[in-house]
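Colleague: let's see this in three dimensions:
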Amino acid sequence: MLMRRIVDFFRNNKKWNIVLWSAITIFLIGSILAVDTREAGLRIRYIDISISPEGELSFLDSPKIIGIIKGADSNRIIISSRKSDIKLDVMENDLERNPFIEKADVSVDLSGKLIIRVMQRNPLLRVINQHGQSYYVAKSGYKMPLNPDFAPRVPVANGNIAETLTDTAYARTRVLKDLLAIAEYCSKDKFWHSQIEQLYVDNFMDIILIPKVGNHSIVFGSAENVEQKFEQLRTFYLKGLNSIGWDKYTSINLKFKGQIVAEKKINNETQTTQDPQP
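Modeller: All right, here's what the predicted structure looks like:
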């Protein structure tokens, strides 16, 4: 009852209404300034580093992250530094300039904990170009250098590939984009991820797949209709190779839409057969 009377008093008295809101505004501004002052004087007590995905990729570890945020000054002391002396945006930019880091977030909480969250780039393909230069390509098409401390298990692409690591940041040519599309499809399928270990680009710019099991090559052509081609190949494996043997064919050609052209050796001679689309 008393509280209601007070509210009605301020509501009906314009002068006191202004005084009330002025006091509230001053209080809020003072509170914000007090928090800012406290945060500015906050000292870093410890560092919490999280690197994802965990267990799958090992391009980076906590000491490497610390080294990146210290920059050129390896003797720089972060623990006990004031928050106001640390440029969080600069740390984030330094981290995201690293070729193995896709995304970084750096913050400090009110307990004085420096929180660093890092997302590693996930390579899908290792390329060895026609000049013998090697690099990785991530899902986004970003080209990554080799890492001396970690080599992810991904398919290798070689042959008639002109692109280098440094000519562009992202995959530029049609053939490299096609190679990446095929590698990405295989990465999502447990069987193809295990079966396809190499992609080769021949002089006609056709992509040839080299499987782990079987003495045959797979002429894939381009990445056009990639899903349909792999489903055709899966059916051919199940209905054809499982019945006559995985080493009977020398080549399986998926370039021609709606059919598979397969070559098998009989008495040291090559015999070509055509299977219609299942």
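Colleague: CA atoms for contacts and neighbours, from now on please.
Modeller: Noted.
Colleague: contacts only, for Gln198.
Modeller: Taking CA atoms under 8 Å, 6 or more residues apart in numbering as the contact definition, Gln198 lies against Pro155, Val156, Ala157, Asn158, Leu209, Ile210, Pro211.
Colleague: the third one - that's part of a helix, no?
Modeller: Put plainly, it is Ala157. No. Under the criterion used here (DSSP: H, G, I helix; E, B strand; the rest coil), Ala157 is strand, not part of a helix.
Colleague: give the closest residue to Glu102 in space, chain neighbours not counted.
Modeller: In space, Glu102 comes closest to Arg121 once its chain neighbours are excluded; the distance is 5.0 Å by CA to CA, 6 or more residues apart in numbering.
Colleague: what number of residues lie near the one you found?
Modeller: For Arg121, the neighbour count with other CA atoms under 10 Å is 22.
Colleague: nearest to Gly141, of the contacts of Gln198?
Modeller: Using CA to CA, Ala157 comes nearest to Gly141 of the contacts of Gln198, at 14.2 Å.
Colleague: that closest one: what's it in contact with?
Modeller: Residues touching Ala157, when contacts are defined by CA under 8 Å, 6+ apart, comprise Leu125, Arg126, Val127, Ile128, Asn129, Leu179, Gln198, Leu199, Tyr200, Val201.
Colleague: where's Ile115, which helix or strand?
Modeller: Counting by DSSP states H and E, the element that carries Ile115 is strand 113-120.
Colleague: among the contacts of Ala157, which lie within strands?
Modeller: With strands identified by DSSP state E, the entries of the contacts of Ala157 that belong to them are Leu125, Arg126, Val127, Ile128, Gln198, Leu199, Tyr200, Val201.
Colleague: possible to save these as a markdown table with pLDDT and distance to Ile44?
Modeller: Written out in a markdown table, the entries for the ones in strands among the contacts of Ala157 read as follows (pLDDT from 0 to 100; distance: CA to CA, whole Å):
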| residue | pLDDT | distance to Ile44 |
| --- | --- | --- |
| Leu125 | 98 | 40 |
| Arg126 | 98 | 40 |
| Val127 | 98 | 42 |
| Ile128 | 98 | 45 |
| Gln198 | 98 | 48 |
| Leu199 | 98 | 49 |
| Tyr200 | 98 | 52 |
| Val201 | 98 | 53 |
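Colleague: just the buried subset of those residues, written out for PyMOL, thanks.
Modeller: With 16 or more other CA atoms under 10 Å as the criterion, this PyMOL line picks the buried residues out of the ones in strands among the contacts of Ala157:
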select buried, resi 125+126+127+128+198+199+200+201
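Colleague: the residue nearest to Glu102 touches Asn98, doesn't it?
Modeller: No. Here Arg121 does not reach Asn98: they are 9.9 Å apart, not a contact under CA atoms under 8 Å.
Colleague: out of the ones in strands among the contacts of Ala157, which comes closest to Glu56?
Modeller: Within the ones in strands among the contacts of Ala157, proximity to Glu56 (CA to CA) peaks at Leu125, which comes in at 14.9 Å.
Colleague: identify the bridge partners of that closest one.
Modeller: Using DSSP bridges, the beta-bridge partners of Leu125 come out as Val137.
Colleague: so what's it up against?
Modeller: Tyr136, Val137, Ala138, Val154, Pro155, Val156, Ala157, Leu180, Ala183.
Colleague: closest one to Glu224 out of these, please.
Modeller: Nearest to Glu224 among the contacts of Leu125 is Leu180, at 12.2 Å by CA to CA.
Colleague: quick one: contacts for that closest one?
Modeller: When the contact criterion is CA under 8 Å, 6+ apart, the partners of Leu180 are Leu124, Leu125, Val137, Lys139, Gly141.
Colleague: could you dump the residues you listed into a markdown table and include distance to Glu227?
Modeller: Listed next are those as a markdown table, based on distance: CA to CA, whole Å:
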| residue | distance to Glu227 |
| --- | --- |
| Leu124 | 17 |
| Leu125 | 18 |
| Val137 | 21 |
| Lys139 | 17 |
| Gly141 | 19 |
